[in-house]
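J.: Predicted model and sequence below, questions to follow.
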Amino acid sequence: MGMHEGRAALVTGAGSGIGRASAQIFAREGARVAVVDLDEAGARETVDLIASEGGEAFALAVDVADEAQVESMVAATVERFGRLDAAMNNAGITSPSFQFHEMPLEEWHRMLAVNLTGVFLCMKHELAQMVTQDVLGAGRGTICNTASGAAVVPAPGQPHYTAAKHGVVGLMKNVAQEYASQKIRCNSVLPGITDTAMLRASFEANGPEHRKRLEATVPGGVLVRPEEIGETAVWLCSDRASRVNGQGVIVDGGGVLR
Ligand SMILES: NC(=O)c1ccc[n+]([C@@H]2O[C@H](COP(=O)([O-])OP(=O)(O)OC[C@H]3O[C@@H](n4cnc5c(N)ncnc54)[C@H](O)[C@@H]3O)[C@@H](O)[C@H]2O)c1
């Protein structure tokens, strides 16, 4: 039996990369999945991939930085599946690199709106639903946010990204502390340099030197695969991780130890 048999899951940023791989793994483990992304076409492709393996999913076009849309996202998931057992708040953006003293304020706001406020809004509305649910298996619900190795060591030229990802880990700790007694867990996965569209965009935006600097930090030179992040996130959200709460799990092959 799959780890999420009979459960309902939601993954943001699931139209691509880590979110897509995670949504597919949730479905393989038995969950019905709300596939959420700003990019509706990407979300629909993920739904098709899940359906082609016999899984059940539906697509939702949502901007996670918009509270009304996030509230509707949770409502639509509950309307479809009856409850929300597992939420992976994964949607995120990258940006060109800047020297700290040259960072435009609008870049700071753009980054924080999606990568930090977006996670806050998702957790706020997911929790509002989870506290109303009966306990099923080990709890009322679980959340896993996608942070980053940049929640531990700074991303070069990306102080706004670093700040947002440290913030994601901070929010996780608050939620883990406040909701443990209600049997709701919250953890984070901290990916290393992972082979996705975001990484390729960052290589393009910041040039070959940036690419070399990042690749030099990857153990054995092999980038992390999105599935390797998804396997960890899906496990963290499962009853098999029933006592894991408030933890940030680094999935980078040991790159952070460089
Ligand atoms: N790829 C890496 O090396 C890496 C490393 C550490 C952390 N991460 C984190 O992993 C997460 C997923 O990134 P990825 O590498 O799979 O990138 P990706 O670009 O492949 O996927 C990100 C998805 O998020 C969606 N998205 C962006 N803004 C959104 C918004 N406002 N509302 C809803 N959806 C939105 C995009 O449309 C896209 O489909 C991000 O939070 C990122 O910061 C990635």
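T.: That came through, no problem.
J.: tell me which strands and helices the stretch of helix or strand residue 169 belongs to is in contact with?
T.: Using DSSP states H and E, the element containing residue 169 is helix 159-179. Contact here means 3 or more Cβ pairs under 8 Å, 6 or more residues apart in numbering; DSSP states H and E; on that basis helix 159-179 packs against helix 105-112, helix 118-130, strand 141-146, strand 184-191. Quick note: C-beta positions are derived from backbone N, CA and C, even for glycine.
J.: can you list contacts of that helix?
T.: Contact with helix 159-179 is made by 94-95, 98, 100, 103, 107-108, 111-112, 115-116, 119-120, 123, 127, 130-131, 143, 145-148, 150-151, 154-155, 184-188, 190, 245-246, 248, as judged by Cβ atoms under 8 Å, 6 or more residues apart in numbering.
J.: and these, which are buried?
T.: 94-95, 103, 108, 111-112, 115-116, 119-120, 123, 127, 130, 143, 145-148, 150-151, 155, 184-188, 190, 245-246, 248 (16 or more other Cβ atoms under 10 Å).
J.: Off-centre distance for the helix or strand bottoming out on mean pLDDT in the chain?
T.: Using mean pLDDT, DSSP states H and E, the weakest-scoring helix or strand in the chain turns out to be helix 197-215, at a mean of 83. Remark: helix 197-215 is offset 21 Å from the chain centroid, using Cα atoms, centre = their mean, to the nearest Å.
J.: now the angle from the helix or strand following that helix to strand 184-191?
T.: Downstream of helix 197-215, the first helix or strand assigned by DSSP H and E is helix 226-236. Here the directions of helix 226-236 and strand 184-191 differ by 160 degrees (axes from the mean of the first three to the mean of the last three Cα atoms, to 10 degrees).
J.: could you dump helix 226-236 to CSV, C-alpha only?
T.: Presented in CSV, the C-alpha positions along helix 226-236 are these (Å, rounded to 0.1, in the frame of the first residue of the first chain):
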residue,chain,number,x,y,z
PRO,A,226,13.9,16.7,-8.8
GLU,A,227,12.7,13.2,-7.9
GLU,A,228,15.3,13.0,-5.2
ILE,A,229,13.8,16.1,-3.5
GLY,A,230,10.2,14.8,-4.1
GLU,A,231,10.9,11.4,-2.4
THR,A,232,12.0,13.2,0.7
ALA,A,233,9.1,15.7,0.8
VAL,A,234,6.5,12.9,0.2
TRP,A,235,8.0,10.9,3.0
LEU,A,236,8.1,13.9,5.4
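J.: Would you indicate which residues of that helix are buried?
T.: Buried residues in helix 226-236 (16+ other Cβ under 10 Å): 226, 228, 229, 230, 231, 232, 233, 234, 235, 236.
J.: For residue 180, see how far away the third one is.
T.: With distances taken as Cβ to Cβ, to the nearest Å, residue 229 is found 24 Å from residue 180.
J.: For the stretch 101-250 of the chain, what lies in contact range of the ligand?
T.: The stretch 101-250 of the chain comes close to the ligand at residues 114, 118, 146, 148, 191, 193, 194, 196, 197, 198, 199, as judged by Cβ under 6 Å from any ligand atom.
J.: Surely the fourth one and residue 193 touch.
T.: To tie it back to what came earlier, the one meant is residue 148. No. Using Cβ atoms under 8 Å, residue 148 is not in contact with residue 193; the gap is 9.8 Å.
J.: Show the end-to-end separation of stretch 54-64, please.
T.: With Cα to Cα, to the nearest Å as the measure, stretch 54-64 spans 28 Å from end to end.
J.: next one: that stretch to chain centre, how far?
T.: For stretch 54-64, the distance to the chain centre is 14 Å (Cα atoms, centre = their mean).
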